[in-house]
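Colleague: This is a predicted model, with the sequence first.
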Amino acid sequence: MNKFLQTLADFFQRFFKLGDYSSNRLLGAARSSGWRDFREQNIKESCESCGVKGTLLKPLELHHCESFATNPAKELDPLNVITLCHYCHLTLAHFRNYKSLNENIREDAATLLFRIQNRPTWNGMKWVYPIPIEIIPRGRFLEELPK
């Protein structure tokens, strides 16, 4: 890596408080050598938050529930990852800022998926709910919204 890129990488590491980085990645922390295989084995066919299927142009992403930058031992832990589309990864898991982290991503994703799968439809006269509205769970992030 030439001197300019090394200086730029050092700047970004200090400015964004990034972890250790490898020489083949300009930004971000170094990944384990087993990451590619781990990702292939643990990624699901659809987003666990909205249900969208991954495509070649819009692949799904694995999100670490507990950041591997703070706990490297959990980088390859299958219980520490959740499959999300890019939109849900950014908005639900990181609150539209990759410096933020949703600690309750699993329950928030499950609540959102349940609500999407059981959303009401309009029949021209009234809203029709596939299940009684009283049993639709309200996730933590939905209950905190101002009324």
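Modeller: Cool, got the structure.
Colleague: Could you list the buried residues of the host helix or strand of residue 37?
Modeller: Secondary-structure assignment from DSSP states H and E places residue 37 in helix 35-42. Using 16 or more other Cβ atoms under 10 Å as the test for burial, helix 35-42 gives 38, 39, 42. Backbone N, C-alpha and C define where each C-beta goes, glycine included.
Colleague: Closest one of those to residue 55?
Modeller: Ranked by distance to residue 55 (Cβ to Cβ), those are led by residue 39 at 16.5 Å.
Colleague: okay, the buried residues of helix 35-42 in TSV with pLDDT next?
Modeller: Below are the buried residues of helix 35-42 laid out as TSV (pLDDT from 0 to 100):
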residue	pLDDT
38	94
39	93
42	95
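Colleague: The residue nearest the centre of the chain in helix, strand or coil?
Modeller: Residue closest to the average C-alpha location in the chain (Cα atoms, centre = their mean): residue 89, at 3.2 Å. Under the three-state scheme (DSSP: H, G, I helix; E, B strand; the rest coil), residue 89 adopts helix.
Colleague: pretty sure it is touching residue 61, no?
Modeller: Yes: taking contacts as Cβ atoms under 8 Å, residue 89 lies within contact range of residue 61: 4.9 Å.
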